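Undergrad: Make a model of this:
(chains A and B)
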Amino acid sequence: MRSGSWTIAGLVSLAGLLAASPLFAEDTTPRCEVPAYLLTSESTLPKVADAVKNGRPLDILVIGSRSSTIPASEASAYPARLQAMLKEKLPALTVNVTVELQAKKTAEDVAAGLSKLLEGKQPVLVVWQTGTVDAMRSVDPDDFRGAVDEGVVALQNAGADVILMNPQYSPRTETMIAPEPYLDNMRVVAQQHDAPLFDRFAIMRQWNESGEFDLFSTVRGIDLAKRVHDCLGRALSTFVIDAAHINPAQQN
Amino acid sequence: MTSVADRIAEPPVAETADATRRDVDLAPPAPPTANSLAHVSGRELRLDLFRGLALWLIFIDHLPPNLLTWLTIRNYGFSDATEIFIFISGYTAAFVYGRAMREAGFVVATARILRRVWQIYVAHVFLFTIFLAEISYVATSFVNPLYSEEMGIMDFLKQPDVTIVQALLLRFRPVNMDVLPLYIVLMLFLPLILWLLKWRADVTLTLSVLLYAVTWQYDLYLSAYPNGVWAFNPFAWQLLFVFGAWCAQGGAKRMSRILASRITLGIAFAYLLAAFCVTLTWYLPQLSYLMPRWLEQWMYPINKTDLDVLRFAHFLALAAVTVRFLPKDWPGLKSRWLRPLILCGQHSLEIFCLGVFLAFAGHFILAEVSGGAGLHFVVSISGILIMSGAAWLFSWYKYSADKSASRNKSTIGNADMAGGSL
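TA: Residues are numbered from 1 along each chain as shown, chains lettered A, B, ... in the order given. Take a look at the predicted model:
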């Protein structure tokens, strides 16, 4: 990340803040509107809350498949955007987001390799994005649930809070990939282990329906992906702060 | 147009009158009246009506969510149109081929069933070809970096040799193409089911329940290609099919007292209401805090692959209420407004395939033309109109063909024709 992109990120988020205030409601720049219920969770993030309270660095590990990045533009992908947003909202804190990409690996593959992934790391929060590869290969949903269950337990035992993130909403491939069983099972596991579920699928579908983004678009350029990931990072940062019950105002 | 449709809705099957009066009895038989040919022929228009409805709902459910999606029953309870479709298919198949078995013997009936299986198989392969065409197009025209991962689904195009063979073996099935393979397998076992039903109907149903229980206990399944399992597990879904067949072979009649009881009705309503409340929390997540946690942990996930007991029970409750409040001789069944549904139900294989094709086409249009909710609605409605029009055409053709056949004094009864398509 170069300083230029930081400036832009700052401006973008500033614009976002302005857009959020009713006075400037008609202002342009990405609104990323998400209904409140999609950004709140009954489950909490006690480790994150603790780290914030004691001013310890907030180390976040994102484990995900290829939809956790943008080809050739990693700095615009949602993990980097999450880091920027959190720094913006919690300026007193050190925030480090690292990404472990597990391309083409099912939940079972990833769960088996978790201990190795965590070696030498002590993240406060792990965001585990999964389900896409399993849905594409139509893995038995029961096996999938077992693997996610196992992975969440392993991560929690390693001392981290866990957020589960489900697949993207992808209208173009709707006739080829059936994500429902995997969405359902992730919801079940999240509930069983009190891990907040970031419902990326519902959020993106909401954006598509409200006209915020045209996800059917056949544009080959990278612009749409960048804007969607920016909004995802923004939504995820709100989600983390909400689930950890942090009041950003107190941090300033 | 109405007059032709009127005539063809009641199939020209005078020779079946006796057999059918013995067999079809979900409600007490109504006294035949001069203009109620349906009663004389014994044709259960309710079955056609609800199978037609199931076909429409399956079509709508296969399209991206839109306004009409809110009319489909899966939004109001656990079960969906698939349960209705499989149950009624079991019912009609047993009805038609059961009669054939009594009249022409086991071997001939089996041969007819196998011919039907072949038809369904060919239909499936035809749909697969259309699917291939669609996704090959998407694969070459759609390169959005946001979805570079999801596009990996096209990878199978890189080895068409394996994929196509696996598709012919029914092991590679794209999304939305799972019902026909299930149906093929169920139909393959129909001769055995019918033979058992003839021997001891209740034992057959018990065996079916046992197989269902064993499936859940020992996790039986059919594997799919490249990995995973059949989206509709035949070992579990056979329960609905056999239950339908059992009803057709007199089970419904024997159950009529249970169905008429107020207690049954009360339980059914209570269950439907409870299921409705639960589904409400799926679509209004704001309400989900009202759900007790223990209930969620016990209930979820509701397994469609293995026909969850909750789904089966929901279907039973729906059926009990329907049978109670929609009598066999309900005049509305003759109404021209319900005619399109009934016609679709009478040509279920053709209309099912057409529905899957139209759903593909609808996806395609919605993807190419960014039209919004209005276009969505138009696509759904046009699909239903096309399905109804096609069903009307099939009926007209069949009616004409049968008429000329009888003029030629051909006495070869056609079981497929007589009792509906499946």
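
Undergrad: Going by C-alpha atoms from here, please, whenever you check contacts or count neighbours.
TA: Will do.

Undergrad: give me the number of residues near the closest residue to residue B:86 other than its chain neighbours?
TA: For residue B:86, ignoring the flanking residues on the chain, the nearest one in space by C-alpha to C-alpha, 6 or more residues apart in numbering or on different chains is residue B:241 at 5.7 Å. The tally of other residues near residue B:241 (other C-alpha atoms under 10 Å in any protein chain shown) stands at 30.

Undergrad: what about residue B:241, which helix or strand?
TA: Taking DSSP states H and E as the criterion, residue B:241 maps to helix B:234-246.

Undergrad: Find me the pLDDT at the residue nearest to residue B:86, would you?
TA: At residue B:241, the pLDDT value in this model is 97.

Undergrad: Contact partners for the spatially most central residue of chain B?
TA: Residue closest to the mean C-alpha point of chain B, counted by C-alpha atoms, centre = their mean, is residue B:85 at 1.9 Å. Applying C-alpha atoms under 8 Å, 6 or more residues apart in numbering or on different chains, one finds that residue B:85 lies in contact with B:51, B:54, B:55.

Undergrad: Quick one: low-confidence residue ranges for the stretch 101-250 of chain A.
TA: The model of the stretch 101-250 of chain A has pLDDT under 70 over residues A:248-250.

Undergrad: near chain B, which residues of it?
TA: Residues of the stretch 101-250 of chain A lying close to chain B by C-alpha under 8 Å from any C-alpha of the partner chain are A:132, A:136-140, A:170-178, A:184-185, A:188, A:192, A:216-222, A:224-225.

Undergrad: Among those residues, name the ones in helices.
TA: A:132, A:136, A:184, A:185, A:188, A:192, A:224, A:225 (DSSP state H).

Undergrad: could I get those as JSON lines with distance to residue B:96 and neighbour count?
TA: JSON lines is the format used below for these (distance: C-alpha to C-alpha, whole Å; neighbours: other C-alpha atoms under 10 Å in any protein chain shown):
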{"residue": "A:132", "distance to residue B:96": "44", "neighbour count": "27"}
{"residue": "A:136", "distance to residue B:96": "40", "neighbour count": "22"}
{"residue": "A:184", "distance to residue B:96": "39", "neighbour count": "17"}
{"residue": "A:185", "distance to residue B:96": "40", "neighbour count": "23"}
{"residue": "A:188", "distance to residue B:96": "43", "neighbour count": "20"}
{"residue": "A:192", "distance to residue B:96": "48", "neighbour count": "13"}
{"residue": "A:224", "distance to residue B:96": "56", "neighbour count": "18"}
{"residue": "A:225", "distance to residue B:96": "55", "neighbour count": "23"}
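
Undergrad: quick revisit: the helix holding residue B:241 - contacts with which helices or strands?
TA: Here helix B:234-246 is seen to pack against helix B:81-104, helix B:179-188, helix B:190-199, helix B:201-218 when contacts are counted using 3 or more C-alpha pairs under 8 Å, 6 or more residues apart in numbering or on different chains; DSSP states H and E.

Undergrad: how about the strand or helix carrying residue A:109: buried residues?
TA: Here residue A:109 sits within helix A:107-112, counting by DSSP H and E. If you call a residue buried by 16 or more other C-alpha atoms under 10 Å in any protein chain shown, then helix A:107-112 has these buried ones: A:107, A:108, A:110, A:111.

Undergrad: List the contacts of it.
TA: Under the criterion C-alpha under 8 Å, 6+ apart, residues A:102, A:130, A:131, A:133, A:134, A:143, A:144, A:147, A:148, A:150, A:151 lie in contact with helix A:107-112.

Undergrad: 6 Å - rerun?
TA: Under the criterion C-alpha atoms under 6 Å, 6 or more residues apart in numbering or on different chains, residues A:147, A:151 lie in contact with helix A:107-112.

Undergrad: For stretch B:58-75, which residues meet the burial criterion?
TA: Within stretch B:58-75, the residues that count as buried by 16+ other C-alpha under 10 Å are B:58, B:59, B:60, B:61, B:62, B:63, B:64, B:66, B:69, B:72, B:74, B:75.

Undergrad: Grab the nearest non-local neighbour of the fourth one.
TA: The shortest distance from residue B:61 to any non-neighbouring residue, by C-alpha to C-alpha, 6+ apart, is to residue B:69 (6.4 Å).
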